[in-house]
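In: Sequence first, then the predicted structure:
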2 protein chains.
Amino acid sequence: MKMSPAIQDLIDALRHLPGVGPKSAQRMTLHLLERDREAAESLGEALLAALSRVQQCQRCRNFTELTICEICGDPKRDDSLLCVVETPADVLAIEHTGSYRGLYFVLMGHLSPLDGIGPKELGLDSLEVLLEQETISEVILATNPTVEGEATGHYIAEMANRNKILVSRIAHGVPLGGELEYIDATTLAHALGGRKVVSPE
Amino acid sequence: MKMSPAIQDLIDALRHLPGVGPKSAQRMTLHLLERDREAAESLGEALLAALSRVQQCQRCRNFTELTICEICGDPKRDDSLLCVVETPADVLAIEHTGSYRGLYFVLMGHLSPLDGIGPKELGLDSLEVLLEQETISEVILATNPTVEGEATGHYIAEMANRNKILVSRIAHGVPLGGELEYIDATTLAHALGGRKVVSPE
């Protein structure tokens, strides 16, 4: 069946969203047109507004509408701690815990030479400037525990070493509530290797 | 954490899509901002274009950019057959089979008095006019096999009876490729009740 071009365009555009296949895109399109035209309008406007207003923080590279983001500009945060993460979603996850009061640096990816992502693409040159000029006492590596994430973390650790800054890595092991039986072998090996003495204290 | 308002607005707007929860909406937002700004822009534009251009066909109520949709306006289709469906998605599903060459009437829902959806909201007044004025020889009911769908079909069957038009209902039973073991009892009871003699022919 020949679909109305405006409808087909909308289905095609929705398929660019992560996790949305042809069936979901069709369902979303018809839902918006049938029952939620207001939501469709506000989504269209929110998309264009976000595109025109959201940029990257000049200090930490996280998304913001300001030149320096709210976290970097908050005088109540501890600017001696710098947590390096791969994505803005990681910042949200850490902020959600409520247990970190330092600053961030968002790589927007990880080193991946085959995809043309080198130190420059991750803003590591500006991270180096940051490490040199600010009074950072500890760099906390929170890159993902993947091969690329570890390599990226290693690269940053060396940069921090050159600047005589303490480097730490967030702990990896069995997640709370996780049952040993269902944990993958690599995680379990990691948890064993990273065991801590509990007694005598 | 206080999110940038433009980002939060986008996350909230994406949550109105069917099947999208808070986590997916956040993932979609960051994906669009990080990696696919072009897709975000074309999605925003496609939404606003669809809203301004897509309306309902004045004959069959399906979505179209024209006054009379392409199916209703196609002289090669059999205008003596009228298939009544609940949603535009149902039209797509039937068109996809390639085995129907008649016309459609799209209810955009089913009778649901508690939600304030009566005959008028489903356009049954214009369906009545259609049945009176056009030379329709058969109305095929393809509403969903739910209580509301059946009630809606029953209502339309009576309208067609008043106009002395043949009414049929699409067959319900075990889907092809379905295994009896996994079919729900209601469907199986329906399939038994609707059994056909195959021998002697």
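Out: Right, received. Where do you want to start?
In: so what's residue A:77 up against?
Out: Listed by CB atoms under 8 Å, 6 or more residues apart in numbering or on different chains, the contact partners of residue A:77 are A:71, A:101-103. Quick note: C-beta positions are derived from backbone N, CA and C, even for glycine.
In: Please enumerate the strands of chain A.
Out: A:55-56, A:63-64, A:78-85, A:102-106, A:138-141, A:166-169 (DSSP state E).
In: Next, count neighbours for residue A:149.
Out: Applying other CB atoms under 10 Å in any protein chain shown, we find 18 other residues in the vicinity of residue A:149.
In: For the residue lying closest to it once chain neighbours are set aside, list the residues it contacts.
Out: Using CB to CB, 6 or more residues apart in numbering or on different chains and skipping residues adjacent in sequence, the residue nearest residue A:149 is residue A:143, 3.9 Å away. Residues in contact with residue A:143, defined by CB under 8 Å, 6+ apart, are A:84-86, A:107, A:110, A:149-150, A:152-153, A:156.
In: residue nearest the centroid of chain A?
Out: For chain A, residue A:87 is the residue whose C-alpha lies nearest the centre (CA atoms, centre = their mean; 1.7 Å).
In: Closest to residue B:32 out of the contacts of residue A:143?
Out: Closest approach to residue B:32 among the contacts of residue A:143 (CB to CB): residue A:86, at 17.2 Å.
In: just checking, the closest one touches residue A:107?
Out: Yes - look at residue A:86 against residue A:107 with CB atoms under 8 Å: they come within range, at 5.2 Å.
In: From residue A:59, how far off is residue A:129?
Out: According to CB to CB, to the nearest Å, residue A:129 stands 10 Å off from residue A:59.
In: So for those two, which sits in the more crowded spot?
Out: Shown here are residue A:129 and residue A:59; by other CB under 10 Å, residue A:59 has more neighbours (19 against 11).
In: Quick check: chain neighbours aside, which residue is closest to that one?
Out: That would be residue A:72: by CB to CB, 6+ apart, it lies 4.5 Å from residue A:59.
In: how about that neighbour, phi and psi?
Out: Dihedral pair for residue A:72: phi -60, psi -30, per degrees, to the nearest 10.
In: Please report the distance of it from residue A:105.
Out: Residue A:72 is 10 Å from residue A:105, by CB to CB.
In: what touches both of these two?
Out: Common neighbours of residue A:72 and residue A:105 (CB under 8 Å, 6+ apart) are residue A:60.
In: who's more crowded, those two?
Out: Comparing residue A:72 with residue A:105 by neighbour count (other CB under 10 Å), the higher total belongs to residue A:105, at 26 against 20.
In: In this model residue A:130 seems to touch the more buried one, though I could be wrong.
Out: Yes - when contacts are counted by CB under 8 Å, residue A:105 is listed as touching residue A:130 (6.9 Å).
In: so what's in contact with the two at the same time?
Out: By CB under 8 Å, 6+ apart, residue A:105 and residue A:130 have these common neighbours: residue A:82.
In: where does the residue nearest to residue A:149 land on pLDDT?
Out: Per-residue confidence (pLDDT) for residue A:143: 91.
In: So which bits of stretch A:11-23 are buried?
Out: Within stretch A:11-23, the residues that count as buried by 16 or more other CB atoms under 10 Å in any protein chain shown are A:11-17, A:20.
In: Tell me how chain A divides into domains.
Out: Following automatic domain parsing, one finds the domains of chain A at A:5-53, A:76-169.
In: Would you mind finding the most buried of those domains?
Out: domain A:5-53 (a mean of 19; mean count of other CB atoms under 10 Å in any protein chain shown).
In: still on that earlier bit, take the contacts of residue A:77 and lay them out in TSV including pLDDT.
Out: Shown next, in TSV, are the contacts of residue A:77 (pLDDT from 0 to 100):
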residue	pLDDT
A:71	94
A:101	92
A:102	94
A:103	95
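In: From those residues, pick the one nearest residue B:194.
Out: Nearest to residue B:194 among those is residue A:71, at 64.4 Å by CB to CB.
In: any idea how far residue A:94 is from that closest one?
Out: Distance, residue A:71 to residue A:94, using CB to CB: 11 Å.
In: likewise residue A:170?
Out: 9 Å.
In: what touches both of these two?
Out: Residues touching both residue A:170 and residue A:94 (CB under 8 Å, 6+ apart): residue A:142.
In: Centre of the chain to the helix or strand of chain A with the lowest mean pLDDT, how far?
Out: Lowest by mean pLDDT, DSSP states H and E among the helices and strands of chain A is helix A:185-193, with a mean of 82. Mean C-alpha position of helix A:185-193 versus that of the full chain (CA atoms, centre = their mean, to the nearest Å) differs by 24 Å.
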